[in-house]
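Peer 1: Below: sequence and its predicted model.
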Amino acid sequence: MTDATLTRLHATALDAADPLRALRAEFLFPQHNGRDQAYFVGNSLGLQPRGARAMVQQVLDQWAQLAVEGHFTGPEQWLTYHELVREPLAQLVGALPAEVVAMNTLSVNLHLMMVSFYRPTRERPAILVEAGAFPTDRHAVESQIRFHGFDPATDLIEVQPDAEDGTVSMAAIERAIETHGPRLALVLWPGIQYRTGQAFDLGRITRLARAQGANVGFDLAHAVGNLLLSLHDDGADFAVWCHYKYVNAGPGAVAGCFVHERHARADLPRFAGWWGHDRESRFRMAPEFVPTPGAEGWQLSNPPVLALAPLRASLALFERAGMPALRQKSEQLTALLEALIHARVPQVLQVLTPADPAQRGCQLSLRGIGR
């Protein structure tokens, strides 16, 4: 970028020409001295969509006016409320509608997925993760390994960064999968590494893992609503994510889960719950569990309707914008911030996140130089 493109005037001109500009008004910003704050922590908690309050109020009104009949009344009845987010959620992550479900929280979904897709044997007891994984993943995989009677000291394999900036090359991932392949039961990898902001080629990781006979799953907490995803085509067995970061569904929001369609009717081990039972026969109250085909068959309990309401409001905005347009704007904004850092404070801050847009989302991880 030139000096002319690193000015407030240029940024203002870009903003004026931005086709997504009107969507900024659809969010509520924290205030400082009566003005919107500059908000840089959407990777922790996204802003509130203006439509969220009305969506929640609608559910409260149904509850007040209909009580239990709210489960069965109207197009937004609670019995099928989770289905209202199914199609937009599938679009967001590049999946088929039957492959996704909004349920529980990320950590709960991760454990439920490992019940089905981490099936260790004496020959294949190991799980491969990145070193420095988010504690959600680290605690979950270690506890699952111990639960099955194996030892994390030998059966939790952590791939160390091999670059000075703390990132992990695809070559290092490939070496680790090939080296430990005969022992791998599961490869669990992030869409974006939360500390460095590095994004990964999920399709390639899936192919590497499956070539070694291992199952593969992804934690997409920092990738959903941030990257262009193609979960169905990439072919992983499962993926889990939260919605309170880039998907702006509120603190502690109901999470998301993907199960590839090849497992839609598979008789996989799972922790069963009533709401995962086949919808057509669920209310017969029979003792036998007949799972609903697809990701919904992993549900345990009825949907948290009040928690799903803000997610509906946010997904409506993603549908309006479209992920390709959001991703294009994200790349422009991130590139501009990176250029400003290099131009104005190169002696103070080092950018750890890869410079290649294909290897990062909208996050720049910074390190103070000399500290």
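Peer 2: Nice, I can see it.

Peer 1: use CA for all of it now, contacts and neighbours both
Peer 2: OK.

Peer 1: Please could you give me each C-alpha atom of stretch 43-58, formatted as PDB?
Peer 2: What follows is stretch 43-58, C-alpha atoms only, in PDB (Å, rounded to 0.1, in the frame of the first residue of the first chain):
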ATOM      1  CA  ASN A  43     -13.200 -12.700  18.500                       C
ATOM      2  CA  SER A  44     -14.400 -12.900  22.100                       C
ATOM      3  CA  LEU A  45     -18.000 -11.600  22.000                       C
ATOM      4  CA  GLY A  46     -19.800 -10.300  19.000                       C
ATOM      5  CA  LEU A  47     -21.900  -7.200  19.200                       C
ATOM      6  CA  GLN A  48     -25.700  -7.400  19.700                       C
ATOM      7  CA  PRO A  49     -27.800  -7.400  16.500                       C
ATOM      8  CA  ARG A  50     -30.500  -4.800  16.800                       C
ATOM      9  CA  GLY A  51     -33.000  -7.500  15.800                       C
ATOM     10  CA  ALA A  52     -32.100  -9.800  18.700                       C
ATOM     11  CA  ARG A  53     -34.300  -8.000  21.200                       C
ATOM     12  CA  ALA A  54     -37.400  -8.400  19.000                       C
ATOM     13  CA  MET A  55     -36.700 -12.000  18.400                       C
ATOM     14  CA  VAL A  56     -36.400 -12.700  22.100                       C
ATOM     15  CA  GLN A  57     -39.500 -10.600  22.900                       C
ATOM     16  CA  GLN A  58     -41.500 -12.600  20.400                       C
END
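
Peer 1: Run through who's touching that stretch.
Peer 2: Here stretch 43-58 makes contact (Cα atoms under 8 Å, 6 or more residues apart in numbering) with 26-29, 222, 244-251, 306, 309-314, 363.

Peer 1: in the lengthiest helix in the chain, what counts as buried?
Peer 2: In the chain, with assignment by DSSP state H, the single longest helix is helix 323-344. Across helix 323-344, burial judged by 16 or more other Cα atoms under 10 Å covers 323, 326-327, 329-331, 334-336, 338-341.

Peer 1: Residue 363 is in what secondary structure piece?
Peer 2: Taking DSSP states H and E as the definition, residue 363 sits outside all helices and strands.

Peer 1: where does the closest residue to it other than its chain neighbours land on pLDDT?
Peer 2: Counting by Cα to Cα, 6 or more residues apart in numbering, residue 363 lies nearest to residue 197, which is 5.5 Å off, once chain neighbours are set aside. We have a pLDDT of 96 for residue 197.
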